[in-house]
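Visitor: Sequence below, structure please.
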Amino acid sequence: MAGVAEYIKESYIELTQKVTWPTWRELQSSAILVLVAAIIIALVIVGMDQIINYLLGIFYHSLT
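Guide: Residues are numbered from 1 along each chain as shown. Okay, here's the model as predicted:
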């Protein structure tokens, strides 16, 4: 049990004294970058879906 307590103690020390946390400004800019990237990727996927839907519609109508 002492090993677990030592692990928790060392983890706390590392998280509070050794880790460099981002500033609020860096965090905001990273979040905005992720949001913009997610929107762009979603729009690309929607576009590909619409193109495939259109092409399959043409293909299926040509069969009838």
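
Visitor: where does this structure dip in pLDDT?
Guide: 1 (pLDDT under 70).

Visitor: rerun at 80
Guide: 1-2, 64 (pLDDT under 80).

Visitor: Break down it into its strands, ranges please.
Guide: Along the chain, counting by DSSP state E, no stretch forms strands.

Visitor: Any idea which residue is closest to the centre of it?
Guide: The centroid of the chain falls nearest to V34 when counting by Cα atoms, centre = their mean (6.5 Å).

Visitor: Output stretch 5-21 as CSV, nothing but the C-alphas.
Guide: Output of stretch 5-21 as CSV, limited to C-alpha atoms (Å, rounded to 0.1, in the frame of the first residue of the first chain):
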residue,chain,number,x,y,z
ALA,A,5,0.7,6.3,-1.7
GLU,A,6,4.2,7.1,-3.0
TYR,A,7,3.0,7.0,-6.5
ILE,A,8,0.1,9.4,-5.8
LYS,A,9,2.5,11.8,-3.9
GLU,A,10,5.0,11.8,-6.8
SER,A,11,2.2,12.3,-9.4
TYR,A,12,0.9,15.3,-7.4
ILE,A,13,4.4,16.8,-7.2
GLU,A,14,5.0,16.3,-10.9
LEU,A,15,1.6,17.8,-11.9
THR,A,16,2.0,20.9,-9.6
GLN,A,17,5.8,21.6,-10.0
LYS,A,18,7.2,20.0,-13.1
VAL,A,19,4.4,20.3,-15.7
THR,A,20,4.3,23.4,-17.8
TRP,A,21,0.6,24.2,-18.2
